[in-house]
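# how would this look folded up:
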Amino acid sequence: MTAEHQRLAVNNKKAIPLEQWGPYLSERQWGTVREDYGHHGDAWGYLPFDQSHYRSYRWGEDGIAGISDYFQNLCFAVAVWNGKDHILKERLFGLGNYEGNHGEDVKELYYYQDNLPTHYYMEYLYKYPQNLFPYEDLKATNRVRTMHEPEYEILDTGVFDKNEYFDINVTYAKQNPQDIFIKIAVTNRGDKAAPITVLPTLWFYNRWEFTPDEPRPKITYQDKCSVKVSHRRLGNYYFYFQRADDTLFTENETNMFKVNGTPNATPFVKDAFHDAIIDGGIRKKLRAKKDGTKFAPVYELNVKGGETTVLYCRLTNRADDKPFTPGFEKIFQVRKQEADDFYRAILPVNISTDLKNIQRKALAGMLWSKQYYHFDVDRWLNTSDGITPVNDGKRYGRNHDWTHLKNQDVIAMPDKWEYPWYAAWDLAFHCISLVMVDPEYAKNQLLLVMREWYMKPDGQLPAYEWNFSDVNPPVQAWAALEVYRIEKETSGIGDIIFLKRVFQKLLINFTWWINRKDRNGNNIFEGGFLGLDNIGVFNRSHNLSSSMQLEQADGTSWMGMYALNMMDMALEIARHDIAFEDSATKFFEHFVFIAEALNGHSLWNEEDKFYYDALVIAGADPLPLKIQSIVGLTSLFAVSIMPKQIFDRLPDFKKRVSWFENYRQRNSLFWPNEERGDGEEILISLVKKDRLIHLLSRLLNEAEFLSGGGIRALSKHHEAFPYSVMIDGNRYEIQYDPGDSTSNLFGGNSNWRGPVWMPINYLIIRSIRKYGEFYGDNLKVECPVGSGKFLNLVDVSMVLTERVVSLFAKDEKGDRKSYGTHNEFYKRKGNEDLLLFFEYFHGDTGSGLGASHQTGWTSLVADLIGGSEVKEEAYKEGSGHEVFVEYDDEDDS
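Modelled structure (predicted):
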């Protein structure tokens, strides 16, 4: 066991497997729903970036390269000023949804360099221009660009062209769980000396103004190099720092004068450091103040070209009269070595240095994406933020029927700037990456969203804070099985109690789906956009007319997958607890009925050999919406292989399945795809073999779905042949759109009409591989179509994996597809190994689009890299079929 594994073993014994201190600080609290107290639900307009400096937040904090304790009582982050900007850089800048030509977008350069599950070692790199930060240029240029033009990024402004910028590398190394050393290394990447002011900032989350019985915490001056922190919940801490040019105190409270002209009782407000550093007028007062709720030592540096200045701080719960003893810096080397040892122990050995870097950075990014999330909907609806009174617009507006929801947890976020809130289906994918480094935390995250303070009493899972009632694909059962499988393969032990807990909660959620999203009781499911934003020719979440109903191929397929996953889960649990055998039968029958509905009604189009949504209009035949998109490919995801042993060990399940099959066949009723292998294992899937081949012929066609970087969300066929439909006198049209969205649906900040998306590609690869493990060389398809190369489906999954990984990997020129037109910057000295994990990727070029730190579900590339080599070797050695859930003859205990 490495040192990190030993620390994880201690954490695993806790009720919540989490370190007290970690990267739990958000990178954007402004512009969120939970900070919106306005009348009209305009979160972007109510608290924009320009006001974030002087308004205290109600539900959390934000900062650059920051940390906090897991209740975010106390926060630390780094603030900087280059001597030219009009604001102190305390948080990352980006455009709000209305300001960008493709919605909200961060306009900064920062990178998650390294992290451990216990956060005993963390690295974060921020690049700060020495010249005027191009705030106005970014706003103005994006404002005039159309949706048919690309976003204007900070690398397009020219501010980094001459290397006139600082690398600010923030590194954390823990001595113990409550003793953290902090290293701030400021490197001048230019040729000439340049000034920079650095403020390592410590402050409290403001609870005292909104909670009457919450005493005000205090940071108190001790001497020129230390302050004492006193907090009722947190206890006492001490912040040590090297001799500074100044020390400043203020309060983390709103500057009401800037909000509405009301005079402030004191000058000690949230943005006082801004005024002190940039204008200087208030600096003496802040220097004279000896306590407060926000504190920073001030370092005014002049760094020579090519050189580095290093600052050290220490945050600890132990008073120490010698906080920086000789040789203290070695703690950073020790923890870095422990990080190297940890990743060396868990990641593949026989892969290139570049792939190792991609894999480790993806996992580090996932760990950096942990964030404290606080939201009590009932309190939010019925209290004021001190600026806007309680109003009916909010009380009866967004999320007003989710008053049971009381969240205060550390959650793995999609992207701590663009999406600093959890999303139910994103979180399920996050756990696939998390289980590689921290299985207990991965399981905790899956269970968390199913707990009673998240799940609605009727069984619905919260989608995301913009509308908790939206519906995301039900992937939690699949994710739980994947987490179970990966942990079992790694440790040799399967966590049956975890599966039982998940199963019991998802019984309620599955029932909600059956009762709420199958309007006619015919096993054809709706669900609206189902996480795919603008995938439809119109907004699938809105009813066009009361006389119309949209029957969704993906909604029905997701439910087929859900039923099959629940069956697999029940079968695995039944090996240890026979009481679950009946549930397996129940979900098998559910799957049969859903498969019948998908294949026997209007969703399969025999002419096109594809699954489509169908619009059912009263008094008319169903209208297939002939859009060739991943909506029709979700049918591939419901596939399972059951070995002979399961029938031998569960005779009642075998009896019921046999009876059900015989009954339906005697009565000429539909029976789903069921095939038997040489070892008497059984393949069960939504898609019969002939239809599977038809779907693969489109999926593997480079003129349709297959791109150089993976599977497109919408077929390239629609580039030359847009699809349009006339409904009630209105024309709706969709065409292949490989880059940023040209549609305003769902805010216009993401696009499912052509780009490559990691989670869908991951599901496709896993599913095709499952088919391949069953069929072996008995089924080969042309890949790519037109190449003359015929491969079995395991090899097809490898081809798809290589294409997805190629988005991040260097080519022979040292370019990465994901960096597109910005590759020159990333080939400069020192930038060669920097990586970003974008939300989605251009369907033709592979360049990264959308959120730039979506690690997040894009971190799934780590599993693809880690799993491809192992599975490929296992397949070459002829080790037999790998099954979705393992059934062996030995008890896991």
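# Strands of the stretch 401-550 of the chain, residue ranges please.
Along the stretch 401-550 of the chain, the stretches classed as strands by DSSP state E, counting those that start in this stretch are 406-412, 548-551.
# L95 contacts E104, correct?
Yes. Using C-beta atoms under 8 Å, L95 makes contact with E104 at a distance of 6.0 Å. Quick note: C-beta positions are derived from backbone N, CA and C, even for glycine.
# which residues does the nearest residue to N73 once chain neighbours are set aside contact?
Residue nearest to N73 in three dimensions, not counting chain neighbours: L234, with 4.6 Å by C-beta to C-beta, 6 or more residues apart in numbering. With contact taken as C-beta atoms under 8 Å, 6 or more residues apart in numbering, L234 is in contact with 69, 71, 73-74, 217.
# Turn these into TSV, columns for pLDDT and neighbour count.
Listed next are the contacts of L234 as TSV, based on pLDDT from 0 to 100; neighbours: other C-beta atoms under 10 Å:
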residue	pLDDT	neighbour count
D69	98	22
F71	98	18
N73	98	19
L74	98	24
P217	98	21
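# In strands, which of those fall?
Using DSSP state E, the subset of the contacts of L234 located in strands is 69, 74.
# between the contacts of L234, which is closest to N115?
D69 (17.0 Å; C-beta to C-beta).
# how close does the closest one get to V229?
According to C-beta to C-beta, to the nearest Å, D69 stands 11 Å off from V229.
# what's the answer for L791, then?
Taken as C-beta to C-beta, the span from L791 to V229 is 61 Å.
# What of M561?
50 Å.
# cool, I196 as well?
Counting by C-beta to C-beta, the gap from I196 to V229 is 27 Å.
# where does E253 land on pLDDT?
In this model, E253 is scored at 98, pLDDT.
# and E149, what does it touch?
E149 neighbours (C-beta under 8 Å, 6+ apart): N101.
# Low-confidence ranges, this protein, go.
Regions of the chain meeting the criterion pLDDT under 70 cover residues 868-893.
# Leaving aside the residues adjacent along the chain, what's closest to P200?
Excluding the flanking residues, the one nearest P200 by C-beta to C-beta, 6+ apart is C313, at 5.1 Å.
# re the thing from before, looking only at neighbour counts, state which of L95 and E104 leads.
Taking other C-beta atoms under 10 Å, L95 and E104 do not tie; L95 has more neighbours (25 against 21).
# re earlier: roughly how far apart are the residue nearest to N73 and D409?
From L234 to D409 the distance is 17 Å (C-beta to C-beta).
# any idea how far the residue of the chain positioned farthest from its centre is from G600?
Of all residues in the chain, R666 has its C-alpha farthest from the mean position, at 48.1 Å, by C-alpha atoms, centre = their mean. Counting by C-beta to C-beta, the gap from R666 to G600 is 18 Å.
# now N444
From N444 to G600 the distance is 41 Å (C-beta to C-beta).
# Show me the beta-bridge partners of the closest residue to I764 other than its chain neighbours.
Leaving aside its sequence neighbours, I764 sits nearest to I711 (C-beta to C-beta, 6+ apart; 5.5 Å). Applying DSSP bridges to I711 gives these bridge partners: L706.
# Flag every buried residue along stretch 480-492.
480-488 (16 or more other C-beta atoms under 10 Å).
# mind saving the C-alpha coords of that stretch as CSV?
These are the backbone C-alpha positions of stretch 480-492, laid out as CSV (Å, rounded to 0.1, in the frame of the first residue of the first chain):
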residue,chain,number,x,y,z
ALA,A,480,-23.6,1.7,-9.7
LEU,A,481,-22.9,-1.6,-11.5
GLU,A,482,-19.9,-0.1,-13.2
VAL,A,483,-18.5,1.2,-9.9
TYR,A,484,-19.2,-2.2,-8.3
ARG,A,485,-17.5,-4.0,-11.1
ILE,A,486,-14.4,-1.8,-11.3
GLU,A,487,-13.9,-2.0,-7.5
LYS,A,488,-14.4,-5.7,-7.5
GLU,A,489,-11.9,-6.2,-10.3
THR,A,490,-9.4,-4.0,-8.5
SER,A,491,-9.8,-5.2,-4.9
GLY,A,492,-11.3,-8.7,-5.4
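# Identify the residues contacting that stretch?
Contacts for stretch 480-492 (C-beta under 8 Å, 6+ apart): 346, 431-432, 435-436, 439, 442-443, 446, 493-495, 498-499, 502, 506, 565, 568-569, 572, 863, 884-886, 892.
# and if we set it to 7 Å?
431-432, 435, 439, 442-443, 446, 494-495, 498-499, 502, 565, 568-569, 884-886 (C-beta atoms under 7 Å, 6 or more residues apart in numbering).
# you'd agree D50 is in a helix?
Yes. Judged by DSSP: H, G, I helix; E, B strand; the rest coil, D50 forms part of a helix.
# Next, work out how far apart it and W512 are.
D50 is 41 Å from W512, by C-beta to C-beta.
# Between those two, tell me which one has more neighbours.
Set D50 next to W512 and count neighbours by other C-beta under 10 Å: W512 wins out with 19 against 12.
# Can you tell me how far that one is from G527?
Taking C-beta to C-beta, one finds W512 at 12 Å from G527.
# again, but for M566
In terms of C-beta to C-beta, M566 sits 17 Å off from G527.
# who's in contact with A272?
250, 282, 286.
# which residues pair with the closest residue to it other than its chain neighbours across the strands?
Computed as C-beta to C-beta, 6+ apart, the closest residue to A272 that is not its neighbour in sequence is T250, at 3.9 Å. Counting by DSSP bridges, T250 is bridged to K294.
# Give me the neighbour count for T250.
With other C-beta under 10 Å as criterion, T250 counts 26.
# and if you look at H822?
18.
# try E802
13.
# ok, so what distance separates it from N761?
E802 is 12 Å from N761, where distance means C-beta to C-beta.
# what's the answer for Y54, then?
Per C-beta to C-beta, Y54 is found 43 Å from N761.
# between those two, which one's more packed in?
Set Y54 next to N761 and count neighbours by other C-beta under 10 Å: N761 wins out with 25 against 19.
# Contacts only, for the residue nearest to the more buried one when sequence neighbours are not counted.
If the residues on either side of it in the chain are set aside, N761 comes closest to G710, at 4.4 Å by C-beta to C-beta, 6+ apart. Counting by C-beta under 7 Å, 6+ apart, G710 touches 756, 761, 800, 803-804.
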